[in-house]
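*Asks:* dropping the sequence and predicted coords here.
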Amino acid sequence: MNHDSSGFNDHSGVGLFDRFNCDSVNLEIRGVNLLAVLTRREMNFFDRLFFRANLISRAVADLHGEGVARAEGSADPTARTAIELLEPIKNVMGLEDPETWLRVIEDTWYQYPVDGLIGGAMYHRYYLKESAETTCILLCLSRGTYFNWREEFLTYASLTAAQLGVFQKKIKKS
């Protein structure tokens with residue numbers, strides 16, 4: 001297998017292409033060619049996804065809470081369990097299948113932990129809401145490195161989304 005080592009590494013020894021077990025020359029998941037750079041629109045979508053991760057998570061938790069409240073009103077314990085387990089959340093904040101999108105976010109943060117270089121820089125961006133300039137100064141990064149890391153981080157998220165089957169849905173709607 002031919003692996004690309006041109007910057008697709010989170011400095012933990014596992015490269016981006018190693019994680020997905022694929023050939024870097026022909027990267028295609030479910031019929032979507034992802035070797036090409038993400039379009040600006042796709043990049044902005046994933047950027048907003050990470051900025052709104054906490055809001056999406058809270059909305060999903062609130063909706064699950066509503067399902068539990070309805071189940072508690074029922075006298076049948078089987079009905080309560082069924083309502084809790086079988087009612088998938090269809091749409092939150094314009095996202096179809098938000099629980100899968102939350103898994104994309106979780107898997108991306110797992111691959112790029114906050115105590116790593118790329119994960120740390122992205123933590124400053126998405127959780128501390130710092131500007132690129134502030135993060136570059138604090139972490140002694142060049143702007144080029146910062147934006148390359150951001151692109152790698154978001155590309156990984158798009159690969160995960162494609163692997164889970166939600167990115168393809170997003171492409172069809174675009």
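*Replies:* All right, it came through fine.

*Asks:* what is the burial count for Leu55?
*Replies:* Neighbour count for Leu55, taken as other C-beta atoms under 10 Å: 11. Glycine gets a C-beta too; all of them are placed from N, C-alpha and C.

*Asks:* how close does it sit to Leu95?
*Replies:* 11 Å (C-beta to C-beta, to the nearest Å).

*Asks:* restrict the helix ranked longest in the chain to CA atoms and write it as CSV.
*Replies:* Secondary structure of the chain read by DSSP state H shows that its longest helix is helix 143-164. C-alpha atoms of helix 143-164 as CSV (Å, rounded to 0.1, in the frame of the first residue of the first chain):
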residue,chain,number,x,y,z
ARG,A,143,-0.3,31.2,9.4
GLY,A,144,0.5,28.7,6.7
THR,A,145,1.0,25.9,9.2
TYR,A,146,-2.2,26.9,11.1
PHE,A,147,-4.3,26.8,7.9
ASN,A,148,-2.7,23.6,6.7
TRP,A,149,-3.5,21.9,10.0
ARG,A,150,-7.0,23.3,9.8
GLU,A,151,-7.4,21.8,6.4
GLU,A,152,-6.0,18.4,7.5
PHE,A,153,-8.4,18.4,10.6
LEU,A,154,-11.5,19.2,8.5
THR,A,155,-10.4,16.8,5.7
TYR,A,156,-10.2,14.0,8.3
ALA,A,157,-13.7,15.0,9.5
SER,A,158,-15.0,14.8,5.9
LEU,A,159,-13.4,11.4,5.5
THR,A,160,-15.0,10.2,8.7
ALA,A,161,-18.4,11.6,7.6
ALA,A,162,-18.1,9.8,4.2
GLN,A,163,-17.1,6.6,5.9
LEU,A,164,-20.2,6.9,8.1
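
*Asks:* what is the mean pLDDT for that helix?
*Replies:* Averaging pLDDT along helix 143-164 gives 92.
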